[in-house]
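>>> Quick one: sequence and predicted model below, then my questions.
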Amino acid sequence: MNQEQRNQEQSGFAWASLLLSALQCWQFWAIAAVLVLLFGLCWWLRKRSHEPEREEESSGNNVEEEKHGEENNDTNDPGRHFEDPRQRRVRKRDRDREAVKNLVQKFIDLFNRDVSNTWYPVLENAIEVGSAFEGWSPYEYDIPFCLLVPLKPPRGHIFHLEPCPSWPARNFRIHVELVCTCEMEQPAAETRCFLHDPEEEQSRKEGPNILDDLCTDSYLDVQKTAEWFKEMVRRCWKDLPESATHRLMPVYSERSCKFRVLTQDWEKRFFVELMFGVQEGDSDLFLSNQCVEAAYTPRTLWPETYAVAEMKFFRHIVSQAQGDTCHLRCLKLCARHLLDRDFYTYIVKTVVMHLLTTMPLSRWRKRNFLARMEDIVEHLQSSLLERCFNHFFIGNANVPEEINLPLGLRTAEPFNLCQLLDYENARIDFEFVLSELRGLLMYER
């Protein structure tokens, strides 16, 4: 009996010792976890104190792009769990911009390789345009990255730009013409002329060529050119290393080439729109595939686009203001209230560009955000009442000299963008948006 009692006491002591040991171990790990959390919080606060105040300015300045290879390093960084989500989105956006530019350049290299022995247009390096590259995209996810690809005529052809005076905006048709190359300096293997060598002309007609495949009545056709781009993207995708780890999903569009790049498990990576166009001389203006605000846009009509000039304008503002501006934040806030209304967003962008050139940049500091938002709302309201939203680049002497415009455009008659609007519908939509913005500004006050 005594022996059994002693065994029970020893067993009780063993269990108590085991529980005490577990409790001490639990306390140790709890204290360690608290210390790790405190260390991480201090690191995060210290990092925040050295970072830009706003996501928009970080994205807009874009002085030094993050390297694509740093994405792997981020996954091994223990501090990433304490990083400001806004800054993490900026870093991802910068990496996506670089990835998109690299991907499009690979496409262009493969395009030009495939058309080197044909009479199709030659593609030049893509130019980044649009809100994602300017730093004020209103989209948090599925951001559209837009690039403009300049087209050059193939050997023995020229692009002759013909204005269309019957349309309210500056629009053109692109006449594709054969030219004599007899007197031109050419590579040894390309000395024959289409106009004066019947065999050369016959070989041109029998092979892929711009006049038969991409033109309608000798005028470059936007839709045919868009289909050619789409087909080239589909064909070249399988030759890219990205095809082993990603999927390509085309997005329907009659006048442009749009596609999404997805991971193998169908997670969205980025959304790309390829614009294409013909440069006007040596200026920063192009004739592009962009639609105009009209119920029907002819297939051979190429609207004038100012996208490259706008990109240069915003870079000019950033360089002059040395990054301490709120204009991108203002644009982003307005654009968020105009999602899926592209032309209205363009009007707001035009208003902001006008104000940036008529108001000292010293009044666009980050601390002046609310005041400048009130100026934008007031300008929109007065322009709406006057039915006048003047184009920024046409008839505007305040356009910076760094932007190369066609001769006479600065001194031309101002062009009213209201001519491209259904005014009554626009007035209702704008008044609704302006009331939302006023309410937001009153709340911020």
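That came through, no problem.
>>> give me the beta-bridge partners of residue 146?
Taking DSSP bridges as the rule, residue 146 bridges to residue 129, residue 273.
>>> what about residue 394, which helix or strand?
Residue 394 belongs to no helix or strand when assigned by DSSP states H and E.
>>> Can you give me the neighbour number for it?
Residue 394: 21 surrounding residues under other Cβ atoms under 10 Å. C-beta: built from backbone N, CA, C; applies to glycine.
>>> Tell me the spacing between it and residue 170.
Noted for residue 394: a distance of 7 Å to residue 170, by Cβ to Cβ, to the nearest Å.
>>> which residues are common contacts for the two?
residue 415 (Cβ atoms under 8 Å, 6 or more residues apart in numbering).
>>> wait, what's in contact with the residue found closest to residue 228 once you drop the neighbours it is linked to in the chain?
Nearest non-adjacent residue to residue 228, counting by Cβ to Cβ, 6 or more residues apart in numbering: residue 214, 6.0 Å away. Under the criterion of Cβ under 8 Å, 6+ apart, the contact list for residue 214 reads 120, 121, 220, 221, 224, 225, 228.
>>> Any chance of the backbone angles for residue 214?
Backbone geometry at residue 214, expressed as degrees, to the nearest 10, gives phi -120, psi 0.
>>> Check it and give its pLDDT.
Residue 214 is assigned a predicted lDDT (pLDDT) of 96.
>>> How about the contacts made by residue 122?
By Cβ under 8 Å, 6+ apart, the contact set of residue 122 is 112, 115, 151, 152, 153, 154.
>>> List the buried residues in the helix or strand hosting the first one.
Assigned by DSSP H and E, residue 112 falls within helix 85-114. Burial within helix 85-114, assessed by neighbour count using 16 or more other Cβ atoms under 10 Å, is assigned to 89-91, 93-97, 99-101, 103-104, 106-108, 110-111.
>>> picking that back up, quick check: the residue nearest to residue 228 vs residue 119, distance?
Residue 214 is 10 Å from residue 119, by Cβ to Cβ.
>>> Would you mind checking the average pLDDT for the strand or helix carrying residue 373?
Per DSSP H and E: residue 373 is located in helix 369-386. In this model, helix 369-386 has an average pLDDT of 92.
>>> again, but for stretch 323-335
89.
>>> Send over it as CSV, restricted to the C-alpha atoms.
Taking C-alpha atoms only, stretch 323-335 is exported to CSV below (Å, rounded to 0.1, in the frame of the first residue of the first chain):
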residue,chain,number,x,y,z
GLY,A,323,9.3,66.3,-57.2
ASP,A,324,7.6,68.5,-54.6
THR,A,325,4.2,68.8,-56.3
CYS,A,326,0.7,67.6,-55.8
HIS,A,327,-0.5,67.7,-59.4
LEU,A,328,-0.4,63.9,-59.9
ARG,A,329,-2.3,63.4,-56.7
CYS,A,330,-4.9,65.9,-57.9
LEU,A,331,-5.2,64.1,-61.2
LYS,A,332,-5.5,60.7,-59.6
LEU,A,333,-8.3,61.8,-57.3
CYS,A,334,-10.3,63.4,-60.1
ALA,A,335,-9.8,60.4,-62.4
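>>> where does the chain have low pLDDT?
The model of the chain has pLDDT under 70 over residues 1-86, 166-168, 183-207, 292-296, 340, 443-445.
>>> ranges for the helices of it?
2-49, 55-61, 70-75, 85-114, 131-134, 198-206, 210-213, 222-237, 307-321, 327-336, 342-358, 369-386, 423-444 (DSSP state H).
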